[in-house]
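J.: prediction below, plus the sequence it came from.
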Amino acid sequence: MHFKFSRLTTAFAVVVVLAFGAVTTAMAAETPVKGGTLNYVVGSKIPSYDGHQETTFGMIHPIRPFYSLLVRINPDNPQSPTDIICDLCEGAVPKPTNDGKTYTFKIKQNVKFHDGTPLTAADLKATLDKIIFPPKTVPSSRKAWYTQVKEVTVPEKYTLVINLKRALPALIPAFASPFNFTYSKKDLDTHGYTWHKKNINGTGAFKFVQHQPGAFVEGGRNPDFHRAGLPYLDGFKAISAPKMSVRLQAIRGNRAAIEFRGFPPKARDDLVKALGKKIRVQESDWNVIMGAAPNQKIKRFQDPRVRRALTLAFDRWGGSKYLSKIALVKTVGGIVFPKHPLAPTNDWLKKNIPGFGTNVKANRAEARKLLKEAGHPNVKVTLWNRAVDQPYKVVGTWYIDQWRKIGAKADQKVLPSGPWYAGLRKTRDFDVAVAFNAQTVINPTIDVSKWIKGAGNNYTNHQNENTTKLYLEMLYETDPKKQYEKMRAYEKDVLADQAHFIPAFWWNKINPHRAYVKGWKIAPSHYLNQSLDQVWIDPKLR
């Protein structure tokens, strides 16, 4: 994974991480200091407190610190998709038995909910039952990830067993989702499945203090936290600030220390220029791929030649150099997170996927030929785009320019988020939509399910059964080498043979923060590493 503290060409020195997983000797020798309140800004609203239902970082950033998970990504190594550790379980994450179909977890015995109720394996079972087997009237946003779970049992008070219908290597990363808050069985039994939408009772590093809607969420240290010596902070305040200019000014004026989602390059540069050594910047590839989805309900986009022509128009390598200077995008890649073991090489992409070859002139000549053969030499393309500058409008304008270079009559329709989503999910009458695949834990075999027929977040409306067949063959393959090959077959179908999706770039996560914020490492997702239990404030730099 790409990970660094950015070293910007300015008059100041900025502390840098020398390589992935490595830190300077000085940083490694630092001793965390207890105390202080971390103020941070959040650029989105809180729909509800229920992690099992919600999907937005606007809920995760202020609410995640109140909860624990069964397993989680290692906060000391959040760039690794395979470094998953126990949170409420003991020891190492268990290996499956029964031909890969049974996982047995030993649950910690020193854990209490914030109301004083001791946690047992029954609480984990009640939580997982709500996520995996909810009643029809109870939303569970990631239920589809766990369709191969047969049952969850508690043979002993502190033993949790998960039995699968068939082996599924992607299961453990799926359980590490930061949305899988562990709830008390007593709360679920007493108050029902909707109680957690408006109430908080977790086992996390911080206890709920107050929520002033539209203003802030406040948490205080949990003295009974199940990780010895943690948390370091006395508390936190998550300040609501929907406007980016307000978030930037809050950090610049030291009313807040960090924004965990990410800023565009210019904002980063302005903060470093203004604050010098008082600011540090962490950057990472971001587990969000941006592209375009031709709507196959529209007749002219039902022809794969037209869809391939649209992807051949993109100068991805040149576009990356330009757009990475002004937008939250950077890395050229396929549908699998870059540098993951299941990701393709650039050479494979250039040889097998339309529009990835470096001869842009030849690519566009091929695109014009395909459009002519399909009977649409000047195909009409209206891009259905979201009224958000970063990176939607910026990159969308680039899309239009690229398509015009192959003779397409291209323009865009920019809408507020509500109507934009309504067009994608309800009316489905757009031409080509700006599309993205935003995930949490890097778990490619599940992440790429977006492009199968009927997937809830597949806005191409395609009806191709073979695409789904290729996906399932890859998903259930347990041999890593064979799974890699089957991922390539699926990816080639999605991006080349059928051209269901027109990939552009992976996002680039940029997190400037006050230098006194220590112990937080950037993850390749704005949903991850938000428990805040290992974050501390260096009073010498305050």
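T.: Cool, the structure landed. Residues are numbered from 1 along each chain as shown.

J.: please make it C-alpha for all contacts and neighbour counts, starting now.
T.: Fine.

J.: contacting residues around the nearest residue in space to P65 that is not next to it in sequence?
T.: Nearest residue to P65, sequence neighbours excluded (C-alpha to C-alpha, 6 or more residues apart in numbering): S531, at 4.3 Å. Applying C-alpha atoms under 8 Å, 6 or more residues apart in numbering to S531 gives the contacts R64, P65, F66, Y67, S68, G204, A205.

J.: do a quick rundown of the strands in the stretch 401-542 of the chain.
T.: For the stretch 401-542 of the chain, applying DSSP state E, counting those that start in this stretch gives strands covering 409-415, 432-438, 502-514, 517-518, 536-537.

J.: domain ranges for this structure?
T.: Using automatic domain parsing, the domain parsing of the chain gives 32-257+516-541, 286-507.

J.: just send these back as a markdown table, with distance to D270 and mean pLDDT too.
T.: Below are the domains of the chain laid out as a markdown table (distance: least, C-alpha to C-alpha, whole Å; pLDDT from 0 to 100):
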| stretch | distance to D270 | mean pLDDT |
| --- | --- | --- |
| domain 32-257+516-541 | 9 | 97 |
| domain 286-507 | 13 | 96 |
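
J.: in TSV, list the ones you listed along with distance to A267.
T.: Putting the domains of the chain into TSV (distance: least, C-alpha to C-alpha, whole Å) gives the following:
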stretch	distance to A267
domain 32-257+516-541	7
domain 286-507	9
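
J.: among the strands of the stretch 401-542 of the chain, which is the most enclosed?
T.: Highest mean neighbour count of the strands of the stretch 401-542 of the chain: strand 502-514, a mean of 26 (counted as mean count of other C-alpha atoms under 10 Å).

J.: how far off centre is that one?
T.: Mean-position distance between strand 502-514 and its chain equals 11 Å (C-alpha atoms, centre = their mean, to the nearest Å).

J.: now for that strand, which elements pack on it?
T.: Judged by 3 or more C-alpha pairs under 8 Å, 6 or more residues apart in numbering; DSSP states H and E, strand 502-514 is in contact with strand 258-259, helix 265-275, strand 279-294, helix 304-312, helix 316-323, strand 329-331.

J.: and that strand with strand 432-438, angle?
T.: If you take axes from the mean of the first three to the mean of the last three C-alpha atoms, to 10 degrees, strand 502-514 sits at 50 degrees to strand 432-438.

J.: hang on, the earlier thing: so for F263, which of the domains of the chain sits nearest?
T.: Evaluated over the domains of the chain, closeness to F263 peaks at domain 286-507, with 7.4 Å, by C-alpha to C-alpha.

J.: what is the end-to-end distance of that closest one?
T.: 5 Å (C-alpha to C-alpha, to the nearest Å).

J.: with stretch 487-500 instead?
T.: Terminal residues of stretch 487-500 lie 16 Å apart, using C-alpha to C-alpha.

J.: for stretch 39-46, same thing?
T.: Using C-alpha to C-alpha, the two ends of stretch 39-46 sit 17 Å apart.

J.: what residues does that stretch touch?
T.: If you take C-alpha under 8 Å, 6+ apart as the criterion, stretch 39-46 is touched by 57-59, 61-62, 214, 236-244, 247, 250, 255-261.
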